[in-house]
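*Asks:* Provided below for reference: sequence and predicted model.
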Amino acid sequence: MVVQPGQAAEESVSGQILTVKDLTISYGGVPALSGVNLDIRENEIFGIIGPANAGKTSFLKAINRMDMFTAGMGVQGEIRFCGQDVQTLKNVYALRSAIGVVFPLPVGLPMTIYDNVALAPRLRGIKARQDLDVIVERCLERAALWDEVKDRLDSLGSLLSGGQQQRLTIARALSQEPTLLMLDEFSIAVDPVTTMRIEDVLKELRQEMTIILVTNLVQQANRLADRTAFFLQGSCVEVGDTATLFTGGAQDQRTTDYIEGRFG
């Protein structure tokens with residue numbers, strides 16, 4: 001059982017949903033991310049920026065225990081989600097049901113649009129069609145997809161365009177009612193107008209959940225994130241208030257150089 005925010009957890013820290021200490025991730029013994037220490041707070045949007053191969057996606061995989069499915073991936077250090085060490089949790093399904101993940105390219109399930117979104121609620125025991133209808137519509141609305149698919153919910157999700165499939169993936173993640181939502185370059189296959197619509201939804205979702213936003217668009221982090229971490233060459237260079245980092249207040253010159261486009 002995964003402890004939910006607000007519940008008592010012997011080792012949890014008030015206001016923090018995720019605590020990472022001395023995290024090192026390697027592939028085949030070669031480090032991809034080393035010595036990461038940070039915390040993520042309840043009901044915040046936490047941005048992670050940095051160039052390719054900085055370790056950003058590996059960080060998300062470790063949180064969700066995806067090392068179990070990645071050959072050669074090793075995780076050392078401590079990741080505590082709602083006060084519990086994710087590496088020692090026996091019920092990994094419960095962990096993943098509390099953490100929604102959206103990766104850069106859509107991963108559609110071989111089923112209808114409706115069933116893609118209804119799968120997680122059904123696994124939670126929701127069977128009544130009227131209840132599922134409400135959930136499916138709400139999640140597709142939030143993913144800025146409802147108006148485009150409401151008349152073809154029985155069509156295969158795999159027949160949607162790439163951008164639509166990505167939004168379906170977002171809707172499916174939201175249908176889990178996650179405590180933590182992790183988005184890895186969610187807008188890479190989405191047009192700018194739809195991206196802005198989804199960004200507006202993410203701002204609203206902050207009231208219900210915590211969001212980790214990995215993005216290669218530094219201005220997207222500036223628009224959305226309460227705090228931002230800068231990853232570079234397998235290290236977390238610094239973490240700070242987003243407004244401070246983006247107005248010349250970074251502690252490390254490399255952070256300022258990346259934000260201002262001098263490399264990356």
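*Replies:* Arrived safely.

*Asks:* show me what residue 213 is bridged to.
*Replies:* On the basis of DSSP bridges, residue 213 is bridged to residue 47, residue 183.

*Asks:* residue contacts, the residue nearest the centre of the chain?
*Replies:* Taking C-alpha atoms, centre = their mean, the centroid of the chain lies closest to residue 182, which sits 0.6 Å from it. Contacts for residue 182 (C-beta atoms under 8 Å, 6 or more residues apart in numbering) come out as 60, 63, 64, 99, 100, 101, 102, 211, 212, 214. Glycine gets a C-beta too; all of them are placed from N, C-alpha and C.

*Asks:* where do the strands sit along this protein?
*Replies:* Assigned by DSSP state E, the strands in the chain fall at 16-27, 30-41, 45-49, 73-81, 84-85, 99-102, 180-184, 210-214, 227-232, 235-241.

*Asks:* would a markdown table of these with distance to residue 142 be doable?
*Replies:* Listed next are the strands of the chain as a markdown table, based on distance: least, C-beta to C-beta, whole Å:
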| stretch | distance to residue 142 |
| --- | --- |
| strand 16-27 | 21 |
| strand 30-41 | 22 |
| strand 45-49 | 15 |
| strand 73-81 | 23 |
| strand 84-85 | 28 |
| strand 99-102 | 12 |
| strand 180-184 | 11 |
| strand 210-214 | 13 |
| strand 227-232 | 23 |
| strand 235-241 | 27 |
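
*Asks:* mean neighbour count, those: which tops it?
*Replies:* Sort the strands of the chain by mean neighbour count, taking mean count of other C-beta atoms under 10 Å, and strand 45-49 sits at the top with a mean of 26.

*Asks:* low pLDDT regions in the stretch 51-200 of the chain?
*Replies:* In the predicted model of the stretch 51-200 of the chain, residues 108 satisfy pLDDT under 70.

*Asks:* what do you get if the cut-off is 80, keeping everything else the same?
*Replies:* Applying pLDDT under 80 to the stretch 51-200 of the chain flags residues 105-108, 189.

*Asks:* what about the helices in it?
*Replies:* 56-63, 92-98, 113-123, 129-142, 146-149, 162-174, 192-205 (DSSP state H, counting those that start in this stretch).

*Asks:* so which of those is nearest residue 106?
*Replies:* Of all the helices of the stretch 51-200 of the chain, helix 162-174 sits nearest to residue 106, with 3.7 Å by C-beta to C-beta.

*Asks:* what about the closest residue to residue 97 other than its chain neighbours, distance to residue 202?
*Replies:* Nearest non-adjacent residue to residue 97, counting by C-beta to C-beta, 6 or more residues apart in numbering: residue 176, 5.8 Å away. Distance from residue 176 to residue 202, counting by C-beta to C-beta, to the nearest Å: 16 Å.
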